[in-house]
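[1] Just to be clear, the model below is a prediction. Sequence and coordinates:
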Amino acid sequence: MPIDELWAILRDFNSHALWHPAVAASAIEAQEAADQVGAVRSFRLKDGSRIREQLLFLSDLKRTFGYCILEAPALLRDYVAVVRLRPVTSENSCFWDWRASFNPPDAERDRLTRFVRDDIIEAGFAGMREFLRSGRTVDLRQAMTAPAARAGAEAVEIVLTRYGGPEVLQPRIARIKEPGAGEARIRQTAVGVNFIDVYCRRGSFDLVAPGGVLGMEAAGVVESVGANITNIRPGDRVAYACAPPGAYASMRTMRADFLVRLPEALAEVDAAGLLLKGMTAGFLLHDVAQARPGSTILVHAAAGGVGQILCRWAKALGATVIGTTSSEAKTQPARSAGCDAVLVYGDEDLVTAVRRLTSGRGVDIVYDAVGRDTFEQSVACLAPRGHLVSFGQASGDVGAHSIDRLASRSATLSRPNYVHYTDTPEKIRAQSDRLFEALKGGAVVAARPRTFSLAQAAQAHAELEGRRTTGSLVLIP
Amino acid sequence: MAKVYTSAVIPAPATAVWSIVRDFNALPNWTPFVADSRIEQNKSPDQIGCVRNFHLKDGGRIRERLLALSDYEMSFEYSILESPMSVDNYVATFRLIPVTDLDHTFAEWTAEFDAAPEREDGLVQSIGQSVFAAGLAALKARFAR
């Protein structure tokens, strides 16, 4: 790689969040520039530890910079590191020299030396190679060479480069505009990952065009508000779960009346894992179909994010709940969520098992977000006048089916779309009030989500699609 | 390639001298020949790449870009973008080294540049004496006890 291209990335003291595999999130303190000598970067490693480092020198002439550790959990006393690039003129590339010195206690010398060499420096080299291979650098360079005087605050967002697999999600640096009339700017501390994001990414829904930003849900703190805002103030803890997409970002400006103020007891990270899924469960159980005392319901993917909430809430409403899961390992979370019975796909024919559990009658409601793989079985599991609520297609599009088969059970089929239940401030208020009420009463619990860094959005998507997850996934900017 | 080299011993601790000269926008505060100075584009004077735009008391305007700054070695480097002097590839380095036995400071101010051969000697003389040496003398005077 030509020396100037690598230097353009490295000279940004905050860029390690994009390319170093150990760094989960990083920010420059006190709103200083990332190339300002004396600037302090405060960052979190993926193992959760926090480190603060200060830029001691930076030379565009010699393409070198050095920094020291101000605070770190490891015993890295007097730690000073120097990065220097030298041109390799024979092949228009460069030599990257990165060295560190520190004063370890004697007993820890070997372990800490290995740690710095392997986990910081060598891992950084490998991470940069991967970062360069991924092609994500283009946006970064554009962001860096753009005029410095643009209005707005700098943030990292995850852009949909084209429709496709998880790899189409790439980080870029963006300017987040000042809030206009009726708008608020939110410093987002947790971003919810939902299957609707996967549908948007694949192009199944046309909510996000390539070049746009995914995400319907996040929580954080109001940073500033525009004119005519009465419902919130800067400093308020808020969350949202609504269209338009654009939540995969460290900061966002959006309509203030779509924001929901968080109850004291609800942490932001938990809110980002709960709000969209909880409001979904709320309207599925109350508005789309009605789970009542005495009704029997079948919840597909009962260990999933929405699945667990549906089961617990339906149970609290008095229903009998049968859950399905894709593996034996997931039966435990499904049971903990309140399922009276849990069926594992493939263990036994689903329809036979449901008939057995319901004395041959079938279930009153099926909640099915699996889609293609389960649709026919879901129809077959219904009791007379049963209701199939098909609210997702995790396994693929449901495809074309004859409605004639519904007649054998006088079945009702619903295909609700989240957006239509949450597209006005009034609807959002009603849904979120109901959710927070259920939370207070224990019908809904906010489980601690599994977290990824914002830059790992692609990995989070891969896990979600790979059916390897239980509960909610949240990205931490 | 012409070279200018000047140095002086300032009767003050290096950290005290550094706190004055580190500010890329502070020439009017410590040199006798700069009338005013500003950093362009609202950048901070310790942001690498920032440009200082200043007027000499004789009226000339100079723009210089900060290329490097080290709190570690107490040094900075800069290049000239525009000046009335007609020099090319001008890069100057300012460096402080502690003189430990007296707790004084050894200050070096050097530059390299290209110019028309017949003008080189005159430029070396004027930059070395009227600018660098005059600046260092002002620092010495400031800390004289």
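    Yep, that arrived. Keep in mind that what you see is a predicted model, and the values were worked out from it rather than measured.

[2] how about the residues of chain B near chain A?
    B:41-44, B:46-49, B:67-73, B:75, B:77, B:91 (C-beta under 8 Å from any C-beta of the partner chain). All C-beta atoms are positioned from the backbone trio N, CA, C, and that covers glycine.

[3] How is the residue positioned nearest the centre of chain B assigned, secondary-structure-wise?
    Nearest to the geometric centre of chain B sits B:Phe94, at 5.9 Å (C-alpha atoms, centre = their mean). The three-state label given to B:Phe94 by DSSP: H, G, I helix; E, B strand; the rest coil is strand.

[4] which residues sit in contact with it?
    By C-beta atoms under 8 Å, 6 or more residues apart in numbering or on different chains, the contact set of B:Phe94 is B:21, B:75-77, B:107-109.

[5] residues in contact with residue 20?
    Here I'm looking at chain A. A:123-124, A:127-128.

[6] Chain B is the one I meant
    B:26, B:29-30, B:139, B:142.

[7] Give me the subset of the residues you listed that lies in helices.
    Members of these lying in helices (criterion: DSSP state H): B:29-30, B:139, B:142.

[8] So how do I select the buried members of the residues you listed in ChimeraX?
    Per 16 or more other C-beta atoms under 10 Å in any protein chain shown, the buried members of these correspond to this ChimeraX selection:
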select /B:139
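
[9] Redo the ones in helices among the contacts of B:Ile20 as JSON lines? Include distance to A:Asp118 and pLDDT.
    Output for the ones in helices among the contacts of B:Ile20, formatted as JSON lines (distance: C-beta to C-beta, whole Å; pLDDT from 0 to 100):
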{"residue": "B:Asn29", "distance to A:Asp118": "48", "pLDDT": "92"}
{"residue": "B:Trp30", "distance to A:Asp118": "47", "pLDDT": "95"}
{"residue": "B:Leu139", "distance to A:Asp118": "47", "pLDDT": "94"}
{"residue": "B:Arg142", "distance to A:Asp118": "50", "pLDDT": "92"}
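
[10] Now distance to A:Ala239 too, for the ones in helices among the contacts of B:Ile20, in CSV please.
    Output for the ones in helices among the contacts of B:Ile20, formatted as CSV (distance: C-beta to C-beta, whole Å):
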residue, distance to A:Ala239
B:Asn29, 50
B:Trp30, 53
B:Leu139, 57
B:Arg142, 57
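
[11] now, the most widely separated pair of the ones in helices among the contacts of B:Ile20?
    B:Asn29 and B:Leu139 (10.9 Å; C-beta to C-beta).

[12] among the helices and strands of the chain, which one scores worst on average pLDDT?
    Reading this off chain A. helix A:137-145 (a mean of 47; mean pLDDT, DSSP states H and E).

[13] was after chain B, sorry
    strand B:34-39 (a mean of 90).

[14] give me the number of residues near the spatially closest residue to A:Ala314 that is not a sequence neighbour?
    Once flanking residues are discounted, A:Ala314 sits nearest to A:Ala291: 4.6 Å by C-beta to C-beta, 6 or more residues apart in numbering or on different chains. By other C-beta atoms under 10 Å in any protein chain shown, the residues close to A:Ala291 number 25.

[15] Please report the distance of A:Ala291 from A:Thr358.
    15 Å (C-beta to C-beta, to the nearest Å).

[16] Show me the strands in the stretch 201-350 of chain A, by range?
    With DSSP state E, counting those that start in this stretch as the criterion, the stretch 201-350 of chain A has strands at A:217-225, A:237-241, A:251-255, A:260-261, A:296-299, A:320-325, A:341-344.
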